[in-house]
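[1] Predicted coordinates and the sequence they were generated for:
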Amino acid sequence: VGRLKFSEKSARALAVSPDGMHLAIGYSDNYIRIVSLSDRKLLMEIAAHDNSIFTLAYSPDGKQLLSGSRDARLKVWNVNAGYALQQSIVAHMYAINDVAYSPDGRYFVTCSMDKSIKIWDAKVFQLLKVIDKARHAGHGTSVNKVLWTKYNGYIVSGSDDRNVSVWNLKI
């Protein structure tokens, strides 16, 4: 249908708002750009992180956008307040590779080059659980992708250790 080019740097992360109106794009120039999907126009640019943005996720209700970066920070953006910064958390030791909300929006999960998976309360941004090699039979290398299944609430993760793991967590 067409191409969207809003930076000379690499597009590293994408997320579509639940209403389908906005596309959030995370770039290696540390910016998030919000684009209208109806007319493909740039709505805003956010100087978001101190390093490349690796992951983006909208909350199921569309009120928040999470961003994770090579700078190991997780940032929470208030969509209804014009994408104002709501929270900034040093969430991991190394780059945050992926983030995903639980289907009900009560929690989110992050994964990182630090070999860990972390479960967070989405309302107060409190760390609830850490899955890593020291505490569980976690991944031995960078955890690259994570998702939260709708069917049974399992978390699925993929890693450089060539394993895909399924986690049944009681929170």
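    Perfect, thanks for sending it. Numbering: from 1, shown residues only.

[2] Spatially nearest residue to residue 46 (excluding sequence neighbours)?
    Excluding the flanking residues, the one nearest residue 46 by CB to CB, 6 or more residues apart in numbering is residue 32, at 4.4 Å. For every residue, glycine as well, the C-beta is placed using N, CA and C.

[3] hang on, the one you found packs against residue 26?
    Yes. Here residue 32 reaches residue 26: they are 5.4 Å apart, a contact under CB atoms under 8 Å.

[4] Compare neighbour counts for the two and give me the winner.
    residue 26 (27 against 24; other CB atoms under 10 Å).

[5] where's that one, which helix or strand?
    Per DSSP states H and E: residue 26 is located in strand 22-27.

[6] Tell me the strands beside the following helix or strand past that strand, with direction?
    Next in sequence after strand 22-27, counting helices and strands by DSSP H and E, comes strand 31-36. Paired strands of strand 31-36, with direction, are strand 22-27 (antiparallel), strand 42-47 (antiparallel) (DSSP bridges).

[7] Adding distance to residue 78 and mean pLDDT, write the ones you listed out as a markdown table.
    As requested, the strands paired with strand 31-36 are exported to a markdown table (distance: least, CB to CB, whole Å; pLDDT from 0 to 100):
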| stretch | distance to residue 78 | mean pLDDT |
| --- | --- | --- |
| strand 22-27 | 13 | 97 |
| strand 42-47 | 12 | 97 |
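
[8] closest to residue 155 out of those strands?
    Closest to residue 155 of those, according to CB to CB: strand 22-27, at 22.0 Å.

[9] on that earlier part again, which residues touch the residue nearest to residue 46?
    Neighbouring residues of residue 32 by CB atoms under 8 Å, 6 or more residues apart in numbering: 24-26, 45-46, 48, 53, 56, 65, 67, 77, 83.

[10] at 6 Å what do you get?
    Contacts for residue 32 (CB atoms under 6 Å, 6 or more residues apart in numbering) come out as 24, 26, 46, 48.

[11] Could you chop the protein up by domain?
    1-90, 97-171 (automatic domain parsing).

[12] Return the member of these having the minimum mean pLDDT.
    Lowest mean pLDDT within these: domain 97-171, at a mean of 88.

[13] Based on its surroundings, how many neighbours for residue 88?
    Residue 88 has 14 nearby residues by other CB under 10 Å.
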